[in-house]
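**Student:** Build me a structure from this.
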Amino acid sequence: MIFVFYFFAAILVWLSFKSFLGGLAYLKFFREQLNKRRSEYTPLATIIVPCRGIDKGLDENLAAFLEQDYPQYEVIFVVDDENDPAVAVIDVSTGSHGCGPTATLARPCARTDRGSVSTRVVIAPKATSSSQKVENLREAILHVSDESQVFVFADSDARPSKDWLRALVAPLADENAGAASGYRWFIAKNPTFGSELRSAWNASITSALGPNIKSNFCWGGSMAMRRDTFERLEMREKWSGVLSDDFAVTRTVKTAGLPIIFVPQALTATVEDCTLRETVEFATRQMKITRVYATPLWVVSLIGTSIFNVVLITSLLIMILSKTNDFAVWASLATLTLVTVFSTGKAWLRLKAVRLVLPQHEADLKRQFWTQNTLWLIAPTLFLYNSLAAWASRQMTWRGIRYELKSPTETVIIARDDA
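**Tutor:** This next block holds a predicted model:
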């Protein structure tokens with residue numbers, strides 16, 4: 001039996017070492033991208049921001065979308081109810097930027113410092129066979145400017161930097177690009193164990209993106225496609241019946257044999273606090289979506305986190321319970337030491353890379369040094385729970401709506417809080 005332990009311990013150490021090497025490549029990639037010359041490819045772009053309810057810091061998030069360093073673009077805010085409380089925040093945010101109250105018609109904002117932006121609010125129908133977010137996106141597409149050449153999709157809880165739009169659009173100068181994507185990084189203003197664990201859990205996914213276009217994926221909170229590509233792939237139709245907008249885009253783009261380009265500068269901060277319960281709910285929801293839309297990835301997560309937890313727990317038990325100073329004890333000690341060194345090194349390199357592209361959050365990211373470099377030890381346990389929970393049920397609640405994920409193209413709405 002002890003040889004089984006040696007076998008899986010060796011696998012875990014090897015995987016940890018490969019992960020550390022990935023961290024070195026991740027930091028190198030960020031530095032290379034930041035050293036590139038500023039892009040001058042700035043076609044008229046449309047940012048679509050689905051909203052439902054009040055996100056923490058929503059006013060600051062929306063303001064960030066209106067302050068992009070980009071010559072000319074439009075922002076479409078989409079809700080499924082004209083009485084949604086987000087509409088009032090949208091009106092205040094756009095009004096404070098010279099746009100006036102938003103309406104179903106675009107209203108130009110006069111801005112001489114960076115460029116010009118127009119805004120509008122679109123009321124989407126209530127979803128019946130897809131997620132409400134996807135229904136919002138499908139409706140918003142029908143209202144974009146005829147001159148718009150690039151569609152940009154963002155989440156209302158994201159807070160982009162001023163160069164976000166220019167950076168995200170830049171790779172699309174290549175007509176053969178399928179999509180460009182950033183990702184998110186969670187930051188809590190009042191850190192709690194729950195919020196910091198969520199950030200550490202999410203960080204491992206952040207570093208799954210990089211220079212390898214074959215393994216990259218799209219994230220719907222910071223994602224862009226050329227209009228001609230979107231229409232050629234019939235993406236609006238492909239969204240029918242879908243819960244996850246970004247998984248559907250990823251699958252469609254890869255099926256078409258087109259590259260997905262990760263843009264480090266398009267990494268966005270999500271600035272909000274959360275409880276441990278909210279973290280568990282969030283992480284479980286993500287894994288349930290993964291199980292349905294990317295089953296092989298879910299299987300890898302289940303197996304990988306099982307090995308991690310079993311090997312580390314077994315190593316500790318051997319060291320505590322063994323009465324002799326034999327090889328098993330030294331092997332356990334070596335396993336714990338090497339996994340700790342490699343995993344901590346990976347977390348440190350990842351945080352160092354993120355600090356390069358989110359300098360406006362330097363103080364908060366500097367404070368995350370200890371949590372990012374320690375909570376990697378607990379995150380795999382949460383991943384394992386999430387994977388098992390996804391195995392047990394395909395139901396989930398997202399922004400007040402209860403869904404059941406029947407398949408990648410079939411979503412059932414069980415209940416909604418505004419019914």
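
**Student:** Strands along the chain, start to end?
**Tutor:** 45-50, 72-79, 107-109, 116-123, 150-154, 179-181, 184-187, 222-226, 260-262, 268-271, 395-398, 401-407, 410-416 (DSSP state E).

**Student:** can you list the ones you listed in CSV and add mean pLDDT, mean neighbour count and distance to F247?
**Tutor:** All C-beta spots, glycine's among them, are computed from the backbone N, C-alpha and C. Compiled in CSV, those are given as follows (pLDDT from 0 to 100; neighbours: other Cβ atoms under 10 Å; distance: least, Cβ to Cβ, whole Å):
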stretch, mean pLDDT, mean neighbour count, distance to F247
strand 45-50, 97, 26, 16
strand 72-79, 96, 24, 20
strand 107-109, 48, 17, 34
strand 116-123, 91, 21, 23
strand 150-154, 98, 26, 13
strand 179-181, 97, 29, 12
strand 184-187, 97, 23, 15
strand 222-226, 98, 26, 11
strand 260-262, 97, 23, 12
strand 268-271, 96, 23, 19
strand 395-398, 95, 16, 14
strand 401-407, 95, 17, 11
strand 410-416, 94, 15, 12
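
**Student:** Determine which of these approaches L388 most closely.
**Tutor:** Closest of the strands of the chain to L388 is strand 395-398, at 14.6 Å (criterion: Cβ to Cβ).

**Student:** which residues are contacting the closest one?
**Tutor:** Contacts to strand 395-398, defined as Cβ atoms under 8 Å, 6 or more residues apart in numbering, come from residues 131, 133, 281, 284-285, 288-289, 402-405, 414.

**Student:** any chance of these in TSV, plus distance to E237?
**Tutor:** Converted to TSV, the contacts of strand 395-398 look like this (distance: Cβ to Cβ, whole Å):
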residue	distance to E237
S131	16
K133	17
E281	31
T284	30
R285	26
K288	25
I289	21
R402	26
Y403	21
E404	22
L405	20
I414	25
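
**Student:** Identify the farthest-apart pair in the residues you listed.
**Tutor:** K133 and T284 (18.0 Å).

**Student:** Tell me which other helices or strands the longest helix along the chain touches.
**Tutor:** What stands out as the longest helix in the chain, according to DSSP state H, is helix 2-34. Applying 3 or more Cβ pairs under 8 Å, 6 or more residues apart in numbering; DSSP states H and E, one finds that helix 2-34 contacts helix 295-321, helix 327-357.

**Student:** what distance separates it from the centre of its chain?
**Tutor:** Here helix 2-34 is found 22 Å from its chain centre; the criterion is Cα atoms, centre = their mean, to the nearest Å.

**Student:** how many neighbours does D364 have?
**Tutor:** 18 (other Cβ atoms under 10 Å).
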